[in-house]
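Student: The amino acid sequence is not available; the structure is as follows:
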DNA sequence: CACCCGTGGAA
DNA sequence: TTTCCAAGGGT
């Protein structure tokens, strides 16, 4: 037997009055725009995505528009949103949408999951937000809100398959309400129930929050893996090379690349990695470019 | 499952 | 200055 979500009514009401006016929440934004927004929002903050997605959709209003240009154009337009593989994957996803779905972003979760760069989160987000289908949409925000408001813990456990079922239990049975709830719980995690300094006094769930009821106990679970330092990392070197490739009109010579980073082994590792990822193409004789 | 992958802003 | 973290996904 199932029962209605205890927190959906109050959360959905709060969302109706407090939702940020984000571009992709326009009812006419379209599935392609929403798919692009989800790619860009993978680890890139909202404030940096807003100007980028506007320019992107202005240039490539449909998957077919993106699919017919070289991947280099996508990587260049991605600019400094970070994780440039996402630009490559988004371009590839557009190609697959044209090849397999007649240029229309699919609505089925399994079809979406089959697209390059689309995982559990993005597939369900697109199906739910673009097409109104009832799926649990689980991201870092929803996991944190559920950990606190429902489980009474300061931080969620490491991501697990179980998260989908946990979210599904809270999801209203009605499709439209479920879609709003997915957005609302994510929004709450983004602006109120934040990772640092949550604004519990302003939280619509404060009366029922299990973490508050327990007296805000500190997190005592397994230590989260700490992100490795960026300064001096391979990622920094890759970033420097990518910046050069994006800015260049012609091939970038190996001499120019060598000048970017002194450590030979690390520089070589970064360049080989970019080539393996398909972000760089070429050789030492003719130089390197973005993939065409 | 642990680790890797960019970039920038805020505490 | 350093650390944290941001609508994840692939291997």
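Tutor: Nice, I can see it. What you see is a predicted model; the values in this text were computed from it and never measured. Numbering: from 1, shown residues only, chains lettered A, B, ... in the order given.

Student: Centre-most residue in chain A?
Tutor: Residue closest to the mean C-alpha point of chain A, counted by Cα atoms, centre = their mean, is residue A:42 at 1.8 Å.

Student: Let's verify it: helix, strand, or coil?
Tutor: coil (DSSP: H, G, I helix; E, B strand; the rest coil).

Student: any idea how far DNA strand C is from the closest residue to it other than its chain neighbours?
Tutor: Leaving out its chain neighbours, the residue that sits closest to residue A:42 by Cβ to Cβ, 6 or more residues apart in numbering is residue A:86, at 6.1 Å. C-beta here means a position set from N, CA and C on the backbone, and glycine is covered the same way. Counting by Cβ to the nearest atom of the strand, to the nearest Å, the gap from residue A:86 to DNA strand C is 7 Å.

Student: Off-centre distance for stretch A:190-200?
Tutor: Distance, stretch centre to chain centre, for stretch A:190-200: 19 Å (Cα atoms, centre = their mean, to the nearest Å).

Student: circling back to that earlier point, helix or strand: which one has the residue nearest to residue A:42?
Tutor: Following DSSP states H and E, one finds residue A:86 within helix A:85-101.

Student: wait, does that helix contact DNA strand B?
Tutor: Yes: counting by Cβ under 7 Å from any atom of the strand, DNA strand B is contacted by helix A:85-101 at residue A:85.

Student: Quick one: list the elements packing against that helix.
Tutor: Under the contact definition 3 or more Cβ pairs under 8 Å, 6 or more residues apart in numbering; DSSP states H and E, helix A:85-101 sits against helix A:31-40, helix A:63-67, helix A:71-78.

Student: And for the residue of the stretch 1-150 of chain A found nearest DNA strand B, the neighbour number?
Tutor: Nearest to DNA strand B in the stretch 1-150 of chain A, going by Cβ to the nearest atom of the strand, is residue A:82, at a distance of 2.1 Å. Using other Cβ atoms under 10 Å, residue A:82 has 17 other residues around it.

Student: gap between the residue nearest to it when sequence neighbours are not counted and residue A:83?
Tutor: Sequence neighbours aside, residue A:44 is the residue nearest to residue A:82 in space, at 5.6 Å (criterion: Cβ to Cβ, 6+ apart). For residue A:44, the distance to residue A:83 equals 8 Å [Cβ to Cβ, to the nearest Å].

Student: give me every residue that touches the residue nearest to residue A:82.
Tutor: Residues near residue A:44 by Cβ atoms under 8 Å, 6 or more residues apart in numbering: A:81, A:82, A:83.

Student: Turn those residues into TSV, including pLDDT, secondary structure and distance to DNA strand C.
Tutor: What follows is the contacts of residue A:44, written out as TSV (pLDDT from 0 to 100; DSSP: H, G, I helix; E, B strand; the rest coil; distance: Cβ to the nearest atom of the strand, whole Å):
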residue	pLDDT	secondary structure	distance to DNA strand C
A:81	98	coil	10
A:82	98	coil	7
A:83	98	coil	5
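
Student: quick revisit: what's the following helix or strand after the helix holding residue A:86?
Tutor: As assigned by DSSP H and E, the chain's next helix or strand after helix A:85-101 is helix A:109-113.

Student: ok, that next one near DNA strand C or not?
Tutor: No: judged by Cβ under 7 Å from any atom of the strand, helix A:109-113 makes no contact with DNA strand C; its nearest approach is 7.7 Å.

Student: I'd like to know how many residues surround the residue nearest to residue A:42.
Tutor: Per other Cβ under 10 Å, the neighbour tally for residue A:86 reads 20.

Student: Can you read off the pLDDT for it?
Tutor: At residue A:86, the pLDDT value in this model is 98.

Student: Could you do residue A:226 as well?
Tutor: At residue A:226, pLDDT is 80.

Student: SS state for it?
Tutor: Three-state secondary structure (criterion: three-state DSSP) places residue A:226 in coil.

Student: what's the distance between it and residue A:287?
Tutor: 37 Å.

Student: now residue A:241
Tutor: Distance from residue A:241 to residue A:287, counting by Cβ to Cβ: 12 Å.
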